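**Q** Below are the sequence and a predicted model for it; my questions follow.
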Amino acid sequence: MLKNIQEWTLLLVIFGISSLFGNWLGYGIPVLDAVPGMIILILICLAGFILNSVLPFSFPSVAYIAIIGILVSTPWTPGTEVVAAWTSQVELLALTTPILAYAGISIGRSWADFTRLGWKTIIVASLVLLGTFLGSAVIAEVVLRFTGVI
């Protein structure tokens, strides 16, 4: 269990540092201003991972993380204002970029396992990616035209 916590912590710290860099580079938020919020987010994720491994229920860790995040940010929780102020210094897209990069590396690292699932899986995955891209492009086009940006 301790080894898992160490691995999770290391991974979350790596994500946190890269997200802080992206937060500063992309949004101009100074790193030191965003560090308290990033620490809170890392602790929430770590608590969710620990709950997932300790509790006997078969429940995804992302659900535990979401529940903890909701509980920490509810108005009746002491310190909510501080948590909201600190975490507001961390932009969502700065968080998603390193996570998606890691997911891409993980998939790329196990292409042999992926191909063993069969050619139908590759076609379905390709169509899902294409559909997501095209759907996002259509939504962006409609919103940008509706708002008069283009």
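**A** That came through, no problem.
**Q** Show me how this protein divides into domains.
**A** The chain breaks down into these domains under automatic domain parsing: 2-95, 110-150.
**Q** How far away from the center of its chain is the longest one?
**A** It refers to domain 2-95. Put simply, domain 2-95 sits 9 Å off its chain's centre (CA atoms, centre = their mean, to the nearest Å).
**Q** quick one: terminal-to-terminal distance for that domain?
**A** Start and end residues of domain 2-95 are separated by 26 Å (CA to CA, to the nearest Å).
**Q** Which is the succeeding secondary structure element to the helix or strand bottoming out on mean pLDDT in the chain?
**A** Taking mean pLDDT, DSSP states H and E as the measure, the chain has helix 111-116 as its least confident helix or strand, at a mean of 66. With elements assigned by DSSP states H and E, the helix or strand that comes after helix 111-116 is helix 119-147.
**Q** Now do that following helix: which elements does it pack against?
**A** On a contact count with 3 or more CB pairs under 8 Å, 6 or more residues apart in numbering; DSSP states H and E, helix 119-147 meets helix 111-116. Where C-beta positions appear, they are placed from N, C-alpha and C, glycine not excepted.
**Q** count of residues packed around residue 38?
**A** By other CB atoms under 10 Å, the residues close to residue 38 number 24.
**Q** now do residue 83
**A** When neighbours are counted by other CB under 10 Å, residue 83 registers 19.
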